[in-house]
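In: Give me a model of this one.
(one chain, ligands or ions: 2)
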Amino acid sequence: MLNYQEGFERRLKGMPVSPGIAMGVLRVEARGCPSPPIRTILPTELESEWARFESALACTEEELQSLRARVEHLSGAQEAAIFDAHLLFLRDRTILARLRKEMPARLQNIDAVYYAVVQNFMEVMRHVDDPYLRSRVADIEDVLHRVLKNMTSAHREPLCGDCTEPCVLAAYDLAPSDTADLDPRKVLGFVTEAGSAVSHTAILARSLGMPAVVGVPHLVIDSRVGSQAILDGYNGLLILNPTAETLQHYRELQAEKERAYKALIEMKDLPAVTTDGRRIRLAANVEFAHEYGAIKRAGAEGVGLYRTEFFLLGCGSLPDEEAQYRHYRDLVESCAPEEVIFRTLDSGGDKLPFEVLEEKEDNPFLGWRGIRVSLSRVEIFKEQLRAILRASAHGKVGVMFPMVSGITEVKDVHALLAECRAELRERGLSYDEHMRVGIMIEVPSAAMMADVLARHVDFFSLGTNDLTQYTIAVDRVNFRVANMFRPTHPGVVRLMHHTIAAGIPTAVCGEMGGDINLVPLLVGLGVAELSVGAHLLPLVRYAIRHLNYEECRQMAELALQAEDSYTIRNYSSELARKSYPDLFN
Ligand code: PEP
Ligand code: MG
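Out: Numbering: from 1, shown residues only. Ligands and ions are numbered 1, 2, ... in the order given. All right, here's what the predicted structure looks like:
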């Protein structure tokens, strides 16, 4: 672990997931953190810290009592006795006395001191001879985490909502719902210990245009609230207490990047066409209504993926058909004459759950997610389908379905669409008879069955984030296996090839499409469309306009014979660097 030295510039390295540079004061957030960040307090704050601790103890006590009662009812008194031990530890006199002594001596926030005191206690317990006492360490840890959780869960308001000056946010991890709530005027960028490039948290950072770095080891423990910080979202760096030279360097870099981006934006009306005339549709991925302006400015040819879950689940209660219709219609009208493809609700996985489930899912990515949720809540699903159909009367609209695994789901959604059309006709409401219907190809079984599925839908959209996750069996949000998450794995690339070979228009809407190293591979495999985050559009357009399709096709043929992900990535990246070297400066 790195030692913190006041006043010295320090660089912490992580993985860049959203480009840009943020400079401001550091704010450290404890939510989801296994060890609380340390904050220095004033002697006058001691009393309020104790009050906070007391209320967390009371809350934990209530939780433990109700757990105890539940277990006693279900399994009997003997099993419930475990919670008596928890309750005893909660008010353990030795711990509380130690805490009373340490607080004025350390003058730190009480959660950090409590954490340190209990850690010490557990360390002693781990070394006692008595095996029974040793086995109690797990119970103590359980109580510790409950108390810590109850000390931080009181503030569920948006993170940094109370910041008076723009900050760089450091956290152990951020849930997509926390990220969606960040106010870009207050949070200039964020950095986390956990996370990965294709988590929805990272995807949201890119759509908010917010620089972000993930996977910084020991971040929370090594950071100090209030330090000056620079977040480098290009190179994955958090720089604490930067020197005057470093600050100057980053100011210049920021200005230079802004100039280069402006020059790319100026080409926004040029078509995405290769040097030998192959036209690729270049559309945008959208998560929030406030992005409509940005996608226009970036010259998107419509929307290739509208992730409706952020709108549907972000409003507290689910909007009804009418509210959805108005929301979808606004987007369709603002993109006309270009097409908008609405993806129906994709809840579950790492995103907001559709309903709070009684039983936590052990494997949420393999569980109640995507189309499975919609097909088990038919009336709600039909409201969304009718709203999308009605929006199709106002411009060009497509609809697609997430996490389809085979033909049965496709037949089910067609049947529901037919019912919805009939209902709208009965109500005298119009819709486009020719609205395109497609599916996401993000489950390997769907990719394998692409030739069959192609007979039932108008288009495919390759969701390479999930296709990679499910093909290699590597959790897209687990930073411990983040190095294994390789969309150029030959298994993934062959499934993509098989999907495209089915012969219907196929897009890529996963994050792979926005990686300028991999654009040559996708073009060479024959994709008809790329749909990427708005800020990446100008780069991808420039890349396509400097590629030769025939060269890409030959390279992709070689890639399909390759044995490993590195070879495929290198083939594509070499061609990228040769074709548009200036994008790599
Ligand atoms: C994907 O899986 O590639 C995709 C685009 O969908 P999401 O990232 O929303 O799961
Ligand atoms: Mg997906």
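
In: Do a quick rundown of the strands in the stretch 51-200 of the chain.
Out: 167-171, 187-192 (DSSP state E, counting those that start in this stretch).

In: want to throw those strands into a markdown table with distance to ligand 2 and mean pLDDT?
Out: In this view, the C-beta of every residue, glycine as well, is placed from N, C-alpha and C. Converted to a markdown table, those look like this (distance: least, CB to the ion, whole Å; pLDDT from 0 to 100):
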| stretch | distance to ligand 2 | mean pLDDT |
| --- | --- | --- |
| strand 167-171 | 24 | 93 |
| strand 187-192 | 21 | 94 |
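
In: Within range of ligand 1, give me the residues from the protein.
Out: 203, 305, 307, 346, 442, 463, 464, 465, 466, 509, 510 (CB under 6 Å from any ligand atom).

In: can you give me the end-to-end distance of stretch 28-46?
Out: 20 Å (CA to CA, to the nearest Å).

In: Low-confidence ranges, this structure, go.
Out: 1-7, 30-34, 70-71, 73-76, 78-79, 135, 153-158, 315-316, 351-359 (pLDDT under 70).

In: mind giving me the domain split of it?
Out: 10-31+159-242, 43-152, 275-584 (automatic domain parsing).

In: To residue 255, which of these lies closest?
Out: domain 10-31+159-242 (9.9 Å; CB to CB).

In: So for that closest one, first residue to last residue, what's the gap.
Out: First-to-last distance for domain 10-31+159-242 - CA to CA - comes to 7 Å.

In: From the chain's centroid, how far away is that domain?
Out: Taking CA atoms, centre = their mean, to the nearest Å, the mean C-alpha location of domain 10-31+159-242 is offset from the chain mean by 13 Å.

In: since we're on the residue lying closest to residue 20 once chain neighbours are set aside, how many residues are nearby?
Out: Nearest non-adjacent residue to residue 20, counting by CB to CB, 6 or more residues apart in numbering: residue 211, 3.4 Å away. By other CB atoms under 10 Å, the residues close to residue 211 number 25.

In: need the contact list for residue 211.
Out: 18, 19, 20, 21, 22, 188, 189, 205, 231, 232, 233 (CB atoms under 8 Å, 6 or more residues apart in numbering).

In: The residues you listed in strands, which ones?
Out: 18, 21, 22, 188, 189, 231, 232 (DSSP state E).

In: Tell me the one of the residues you listed nearest ligand 1?
Out: Nearest to ligand 1 among the ones in strands among the contacts of residue 211 is residue 18, at 14.4 Å by CB to the nearest ligand atom.

In: phi, psi of residue 489?
Out: For residue 489, the backbone dihedrals (degrees, to the nearest 10) come out as phi -60, psi 130.

In: Could you double-check that it sits in contact with residue 469?
Out: No. Using CB atoms under 8 Å, residue 489 is not in contact with residue 469; the gap is 11.0 Å.

In: Which one's more surrounded, these two?
Out: Counted by other CB under 10 Å, residue 489 and residue 469 do not tie: residue 469 has more neighbours, with 26 against 20.

In: Quick check: the more buried one touching residue 478?
Out: No. At 9.7 Å, residue 469 and residue 478 do not qualify as touching, with contact defined as CB under 8 Å.

In: which one of the strands of the stretch 51-200 of the chain is the most hemmed in?
Out: Among the strands of the stretch 51-200 of the chain, strand 187-192 has the highest mean neighbour count (mean count of other CB atoms under 10 Å), at a mean of 29.

In: could you check the angle strand 167-171 makes with that strand?
Out: Interaxial angle of strand 187-192 relative to strand 167-171 (axes from the mean of the first three to the mean of the last three CA atoms, to 10 degrees): 20 degrees.

In: Could I get the CA-only coordinates of strand 187-192 as PDB?
Out: Extracted in PDB, the C-alpha atoms of strand 187-192 (Å, rounded to 0.1, in the frame of the first residue of the first chain):
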ATOM      1  CA  VAL A 187     -18.800  16.500 -10.200                       C
ATOM      2  CA  LEU A 188     -16.100  17.000 -12.800                       C
ATOM      3  CA  GLY A 189     -15.000  13.400 -13.000                       C
ATOM      4  CA  PHE A 190     -14.900  10.200 -10.800                       C
ATOM      5  CA  VAL A 191     -12.500   7.500  -9.900                       C
ATOM      6  CA  THR A 192     -13.200   4.200  -8.200                       C
END
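
In: Now do that strand: which elements does it pack against?
Out: strand 21-29, strand 167-171, strand 212-214, strand 228-232 (3 or more CB pairs under 8 Å, 6 or more residues apart in numbering; DSSP states H and E).

In: what's the distance between the residue nearest the centre of the chain and residue 404?
Out: Most central in the chain under CA atoms, centre = their mean is residue 200, positioned 1.5 Å from the mean C-alpha point. Applying CB to CB, to the nearest Å, the value for residue 200 to residue 404 is 19 Å.

In: got it, and residue 69?
Out: 44 Å.

In: The two: which is more packed in?
Out: Set residue 69 next to residue 404 and count neighbours by other CB under 10 Å: residue 404 wins out with 28 against 12.

In: coming back round to it: comparing the helices and strands packed on strand 187-192, which comes out most buried?
Out: For those, where neighbours mean mean count of other CB under 10 Å, the stretch averaging the most is strand 212-214, with a mean of 30.

In: need the next SSE after it, C-terminal direction.
Out: The helix or strand immediately downstream of strand 212-214 is helix 219-222, counting by DSSP states H and E.
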